[in-house]
Structures are given as structure tokens and as C-alpha cells.
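Colleague: 3D, please:
(4 chains)
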Protein chains: 2
Amino acid sequence: MPTIGDVARLAGVSTGTVSRVLNQRAGVHPQTRERVIEVMERLGYVPMRAARELTGHSDTVGILLAPGVRRYIPYFVLLFEHLTEALWREGLRVEETPTDAAGLPLKPARGYILLGAHDHDPRLEALQNAQTPHVLIGVYPGTYWVAPDDEGGAYAATRHLLELGHREIAHLTGQPQHQVGRERLLGYRKALEAYGVPFQPHLVLDGDFSTLTAYRVLRKAWEQGLCFTGLFAASDEMAVGAAAALEDLGLRIPQDVSLVGFDDLPEIGATLTTVRQDIGQVARAAVRLLKESLAGGGPHGMRIPVQLVLRGTTSLREVRTA
Amino acid sequence: MPTIGDVARLAGVSTGTVSRVLNQRAGVHPQTRERVIEVMERLGYVPMRAARELTGHSDTVGILLAPGVRRYIPYFVLLFEHLTEALWREGLRVEETPTDAAGLPLKPARGYILLGAHDHDPRLEALQNAQTPHVLIGVYPGTYWVAPDDEGGAYAATRHLLELGHREIAHLTGQPQHQVGRERLLGYRKALEAYGVPFQPHLVLDGDFSTLTAYRVLRKAWEQGLCFTGLFAASDEMAVGAAAALEDLGLRIPQDVSLVGFDDLPEIGATLTTVRQDIGQVARAAVRLLKESLAGGGPHGMRIPVQLVLRGTTSLREVRTA
DNA sequence: AAAAAGGTTGTAATCGCTTACAAAATGGCC
DNA sequence: GGCCATTTTGTAAGCGATTACAACCTTTTT
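Modeller: Here you go, the predicted structure:
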């Protein structure tokens, strides 16, 4: 493992200069800088983290899930993994630290990425007061944030069903207190509107992003006579529950009911026609914004585009002949 | 933040001595050791990681989930958190590092804790060959391992139902390829046997630890005429699914069916009579064994006792009068 | 041409801890 | 008590980086 001293010697400069290059400090002659960088690359030099930390330079980033949010929601688990990967690639490290009751870490890090933030998250204030760089996943004007295009995705999903000829399209929602669910509902409504199909409140089924609730709600609704040929579930997990319910009701997918999910979670949504949210892209964007935040720029947000993925759970509406 | 120097000064010794106490090195007078430890506690001294690492002492531990295992299983997520906490308390840190396709980390750590290991886990061989200290969660003779008393817990759960007078006791299992599920089934059978109640294969319902499957399997079985007044689900998640199914079938818990879960997961199993598995204790035991492994002792395993928690989902079998 | 100003680089102390080595204390024995 | 062996303890040199400060070049100004 080459050290800063090795680089300095080979480049014919002092360790101080190498350090300055390393930390992108001003006051290094461009030629010197170039030479140093070249040597660093040749040697495959990577600064030792422990030594930097010892001098007060932490490279650890904390990933904080809002307190009270279920920690085993697949989406968050996957996002967590992708964030780890993305931070790693940028030379940043994720250190798991326990958090206090307020959801704040017991050990300070350089910056934070916040998951599952509420509208009035107490953590936000604490971080802003402490001037600690942070990025939120979700829409939060006033800070750095990253969010997928939920409304657009819902619009695309619904439009897809509409274009297949469906007119009775049910929507299985998430909880109204979650912004995500609200945005997806909005996209659904806008698509209906755009195609001149009247919005029918009774076709909106209240879910809670859980598979079991989706199953029960859907089955009950159908048994009570609700009729539809298209179904847009606000998450893959709910789509899976819905699919099971439809199966148990003796309905075939997609012949009897066309089904679209959202998220395209691996394994879970693997067989669904769904809206793909590139979690890796969300993670990379979050890391990029975090670096901007670390560098101290003006806060801003970023929407990540989503994409409809066609698989086997949707088809043209069949015209029943008697 | 107190340093090793502060401790040394207050204890009236040199930093070298404090360091020796810290690293449990021989050659420190018992009285001195005691005095130093006392001062450390009074000051709440925690050695700074970066400085230790700088002198070649990595304190990072990797937590590795077997590849192919769903990363969002509540039990694993919780275990992960408790492990983080327990390691933290021992001065060890968890660094999230991406893993390769085989589930091995891209950056070496001091030791590893393996979750969801299979019978012939390729990671095990790799770690053993590399002489890397590791602990498994689950029973694996030949290495360090920690596992809850699954069989004993299942026995206690079933016995509880038997003592309430139930004789037709169904069991909702996990997949047979998972040791955990097999052990819990065994405990169920042993309890029946101990009480002279014949084991009836048709009362064993095949689940897969998922809530949705539990719901469907249970509902279908009941609708097909299967009768029972007691139900032991091999996990809280399945118990939740079963409870929903029973509710939808118009059955009351516990008046019509007594239900026992397993794990006592927070939130999920909060209202169930269930078998509590102290995940924190499992985590602490794993960390203790990991330290032994780091110190290089003979490998051995450890069973963590579990405990029946009585809540509202079980009651005496009602004798129906017509 | 000397002085001032500014840019670039080197030097060495520092962060908190470990550890080889030296030094001091202790105890046993004659 | 003196000598030696054995514990126990202190000392100080690193580990790999950062950074304040000093020192050295260039330019520009007068």
C-alpha cells in the first residue's frame, strides 16, 4: 500500500503538496498538480481512511431511516443497498451507527441521507441547525432532495391500461399520509381525465402498501360486486397481493383483469407489468447531491424518470361475447 | 472526548499501561488494571477507532446475508440492527461494504457475522480457508454459531395450547428446506406426543414464512372443512396472515381459535400470544462468540432460550353446548 | 535595482493509539 | 543486605495523513 510519502518522493515534492492536491486545495502549480496526480494513478494510491480521520476528516456518511418507519420495507432495504454501493464508488463509506429515539445518529458523520422523511421531520431541523449536509429521498423544497417521478409513472401505467381499451380501471392506493401514494393517485386521475374517462371514487381502493391488505381489500371489493377490467396498484407488493386475490377469485390475469404495479422491485415485481423505478439511479443521484451539499452549493431537488415495463399481466380488453 | 492520555493521567499511570489494559494484555498488576478500568468508566472513555486502525488494528466487522436470501425479511433486518448495536457497545464497528456475487465482501474486515447461511454455504469455506474469524446465526457444528431454541419454543407454544384444552391443533410451517421451520415442526410434534395427542399430518399446513401465503393456506384449509381450535404458526408474520384469514372467515380469536405465533417481532407480533425470541440477546451472544473467535479459541455453539409470552390470542377451549 | 506583493513549496508538529525497549519495582534466595 | 530473576511500568518512536507557518521563488511596483 503506497503512502502519501511514496507519492511525494516519486513526484519529487513534499507530502504537504501531495496532501494539497489530494484535498483539492488552491495554491498548487498546475504542472505540479498534474505530476502528482499522475504518480498517484500510477501507484494506485488510495489515501488511508484512518489517518485522515485521525486528523479530523471523516468520510463516513450516515443513512437514516425515519423513526417509526418500518425498517423492513423492501423498497428501503433495496435503496439502502444501492446507496451503499453508490457511496462506496465515490470513496465515501457507510458506517452503521445506532440512533437515538429521535432518529439521530449517536456518532457524527460527514453527511447524511434521510429515508422516509415526514412532512415535519424533527431530524430535518436538527440537521439544518447543525449545518450538516444532507439529502432527502422524497420531495422537500428547501433542501437537497431526490425523488422518482411518481406522478408520471402512475400516469403512464394508467394510460397503458386505457390504451388497451380498459375503461373500468381500479386503483389500489397507499396510505394518504404518504406523499408517494398521493402522487401516484394523482397520476392515475390525470390519465383518466386526459382520456375522457370519468373518475369514479368507488374504484379507488384504500391500501397501505402491504400485500395482505391488498389481497383482502381487493377480494372483498370484488365479492361485493365491484367490477373492473384494469387495475393499477400503487406498488408491486400490493400488486402481488391483488394478483393472489384475483387468482383465488377464479379470475385470470390478464384475460379477465389487466394488472399494473409500481417500482419493479426485484423478485417481488419480476413477473408484473409495472413501472420501473431505477433505485440505483435514485441512489447515485442522492450521492451526487450529497457531494454538492458537502461542497456547499444552493440546495435543489431532482426528479428521477421512471419507465413502464411491459410483461405478462396486461392485455387488450377482451370483448365478452355474451 | 477523553483520550488515552486523560485516562492515564487520572489513573496515575502511563499511556502504555492504559493501552495494555485496553487490549487485555498480560503483565499489568491486577490493582492497576482495576484502577484504570474504573477511570475509563468514570470518564466514559471510548478508544478512538481511527487511531487504533492507524496502528494496524481494524475493528470493523462485516455482517453478511447469504446471497439469494431476501434482504427485507423483518427478522434479518431486526437482527442486523441489534448486531450493530451490540458490536458498537464492544467497540466494534459495522461498515457496510458491497459484496460480490458469492456474497463475500469487497473489503476485508476483522471478522464476520453470517446470516441466513445454507447447509453448504460457499462463503463458509472461503472464510475458513482464509482463517477469518466468523460466527453464524443458525446451527452449524464445526464453527462458532448462535441460534435460538426453536424446538423448545415450539414445544412451549404447543404445550400451552394443549394445556388450554385444545386437541385439534394445526401448525403452519415454514419451508422444509429451512432448518428453523424444521425445528419448530419438531417441537410441535414432540409436545403432542408428550401429551398423548396423536400427530395428524393433515393438520400441518405448508407455509413459507410469508403473511400472504399463511392467509391463503389457512383460509383454503378451513373452507375445505379442516377443523381445529388451536393454531401454532411458525412465525409471527404467518400468525398475522392466519389471524386475518380467521377474521375474514368470521371466526373469533381466541373464542373460536386460539393462536400462537413465534418470534415476538415488534409491531408485527405485538398483540399475539407468541414465543419471544430475544433478538438482542442473540446479537450479543454472536458478538461475544465473535470476540472469542477473534481471540482464537475452540469453536462452539450457543443456544439462546426463548420464552412464551401470553397475550390475548389464546384461551381455554370453549366447550360448545350444541 | 530594490522593495513589496503574491504565488508555490517544504518543514515539522499534531491527531490518539500501539509497542519495542529500557527502567524500575518486587520478591526469592543465600 | 546483596544479587538475580521476574513482574510491572514508563518512554518514545512510529502509523499516514493534515495544516499552520516559514521559506523560497516570481512578478510587479516604485
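Colleague: interface residues of chain A facing DNA strand D?
Modeller: For chain A, the residues in contact with DNA strand D under the definition C-beta under 7 Å from any atom of the strand are A:1, A:3-5, A:15-16, A:18-20, A:22-23, A:47-48, A:51-52, A:54-57. In this view, the C-beta of every residue, glycine as well, is placed from N, C-alpha and C.
Colleague: of those, list those near chain B.
Modeller: Checked against chain B using C-beta under 8 Å from any C-beta of the partner chain, these yield the following neighbours: A:48, A:51, A:52, A:54.
Colleague: Show me just the buried residues among the residues you listed.
Modeller: Members of these that pass the buried threshold by neighbour count (16 or more other C-beta atoms under 10 Å in any protein chain shown) are listed as A:48, A:52, A:54.
Colleague: Please produce a ChimeraX select command covering the buried subset of the residues of chain A next to DNA strand D.
Modeller: Applied in ChimeraX, the following selects the buried portion of the residues of chain A next to DNA strand D according to 16+ other C-beta under 10 Å:
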select /A:4,18,19,20,22,47,48,52,54
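Colleague: which element is residue A:19 on?
Modeller: Residue A:19 belongs to helix A:15-22 when elements are defined using DSSP states H and E.
Colleague: can you tell if that helix touches DNA strand C?
Modeller: Yes - contact of helix A:15-22 with DNA strand C (C-beta under 7 Å from any atom of the strand) involves A:15, A:16, A:17, A:20.
Colleague: isn't the last one right next to residue A:27, touching?
Modeller: Right, residue A:20. Yes - with contacts defined as C-beta atoms under 8 Å, residue A:20 counts as touching residue A:27 at a distance of 6.7 Å.
Colleague: Need the overlap of contacts for these two.
Modeller: Here residue A:20 and residue A:27 have no joint contacts, going by C-beta atoms under 8 Å, 6 or more residues apart in numbering or on different chains.
Colleague: Could you count how many residues lie near residue A:294?
Modeller: With neighbours defined by other C-beta atoms under 10 Å in any protein chain shown, the count for residue A:294 comes to 16.
Colleague: Now the phi/psi pair for the closest residue to residue A:121 other than its chain neighbours, please.
Modeller: Closest residue to residue A:121 apart from its sequence neighbours, by C-beta to C-beta, 6 or more residues apart in numbering or on different chains: residue A:66 at 6.3 Å. Recorded main-chain torsions at residue A:66 are phi -60, psi 140, according to degrees, to the nearest 10.
Colleague: Hmm, residue A:103 and residue A:66 touching each other?
Modeller: Yes - in this structure, residue A:66 is within contact of residue A:103 by C-beta under 8 Å, at 6.0 Å.
Colleague: Show the contacting residues for residue A:76.
Modeller: The neighbours of residue A:76, taking C-beta under 8 Å, 6+ apart as the test, are A:65, A:69, A:115, A:116.
Colleague: Doesn't it lie inside a helix?
Modeller: Yes - with DSSP: H, G, I helix; E, B strand; the rest coil as the criterion, residue A:76 is located in a helix.
Colleague: and stretch A:99-112 with DNA strand C, contact?
Modeller: No - remark: stretch A:99-112 sits outside contact range of DNA strand C, by C-beta under 7 Å from any atom of the strand, the gap being at least 14.0 Å.
Colleague: So for the closest residue to DNA strand C within chain A, what pLDDT did the model give?
Modeller: Of the residues in chain A, the one nearest DNA strand C is residue A:16, at a distance of 2.9 Å by C-beta to the nearest atom of the strand. In this model, residue A:16 is scored at 93, pLDDT.
Colleague: How about residue A:94?
Modeller: Value for residue A:94, per-residue pLDDT: 82.
Colleague: Near DNA strand C, which residues of chain A are found?
Modeller: Residues of chain A lying near DNA strand C (C-beta under 7 Å from any atom of the strand): A:12-17, A:20, A:26-33, A:51, A:54-55.
Colleague: Show me what the helix or strand bottoming out on mean pLDDT in chain A pairs with in its sheet, parallel or antiparallel.
Modeller: Least confident helix or strand of chain A, by mean pLDDT, DSSP states H and E, is strand A:93-96 with a mean of 78. Based on DSSP bridges, the strands next to strand A:93-96 in the sheet, each with its direction, are strand A:60-65 (parallel), strand B:93-96 (antiparallel).
Colleague: so how far is it off the chain centroid?
Modeller: Distance, stretch centre to chain centre, for strand A:93-96: 18 Å (C-alpha atoms, centre = their mean, to the nearest Å).
Colleague: Equivalent analysis for stretch A:235-244, please.
Modeller: In terms of C-alpha atoms, centre = their mean, the centre of stretch A:235-244 is set 19 Å apart from its chain centre.
Colleague: on that earlier part again, quick check, whichever helix or strand comes after the least confident helix or strand of chain A touching chain B?
Modeller: For strand A:93-96, the following helix or strand on the C-terminal side (DSSP H and E) is strand A:111-115. No - using C-beta under 8 Å from any C-beta, no contact is recorded between strand A:111-115 and chain B, whose separation bottoms out at 12.2 Å.
Colleague: Got the domain ranges for chain A?
Modeller: Listed by automatic domain parsing, the domain ranges of chain A are A:4-54, A:60-148+A:279-305, A:150-277.
Colleague: Please identify which of the ones you listed is closest to residue B:201.
Modeller: Residue B:201 lies closest, by C-beta to C-beta, to one member of the domains of chain A: domain A:150-277, at 24.2 Å.
Colleague: Chain neighbours aside, what residue packs nearest to residue A:114?
Modeller: With C-beta to C-beta, 6+ apart as the criterion, residue A:114 has its nearest non-adjacent residue at 4.7 Å, and that residue is residue A:136.
Colleague: Could you list the paired strands of the helix or strand hosting that neighbour along with their orientation?
Modeller: Secondary-structure assignment from DSSP H and E places residue A:136 in strand A:134-137. Strand A:134-137 has the following strand partners under DSSP bridges: strand A:111-115 (parallel), strand A:144-148 (parallel).
Colleague: which residues touch that strand?
Modeller: A:79, A:111-117, A:124, A:127, A:143-147, A:282, A:286, A:289-290, A:293.
Colleague: Without its sequence neighbours, what residue ends up closest to residue A:182?
Modeller: Once flanking residues are discounted, residue A:182 sits nearest to residue A:176: 6.3 Å by C-beta to C-beta, 6+ apart.
Colleague: For residue B:18, see how far away the residue nearest to residue A:47 when sequence neighbours are not counted is.
Modeller: Using C-beta to C-beta, 6+ apart and skipping the chain neighbours, the partner closest in space to residue A:47 is residue A:22 (6.1 Å). When C-beta to C-beta, to the nearest Å is applied, the distance between residue A:22 and residue B:18 equals 33 Å.
Colleague: where does the stretch 51-200 of chain A come near chain B, residue by residue?
Modeller: Proximity of the stretch 51-200 of chain A to chain B, by C-beta under 8 Å from any C-beta, involves residues A:51-54, A:70-74, A:77-78, A:81, A:84-85, A:88, A:93-98, A:106.
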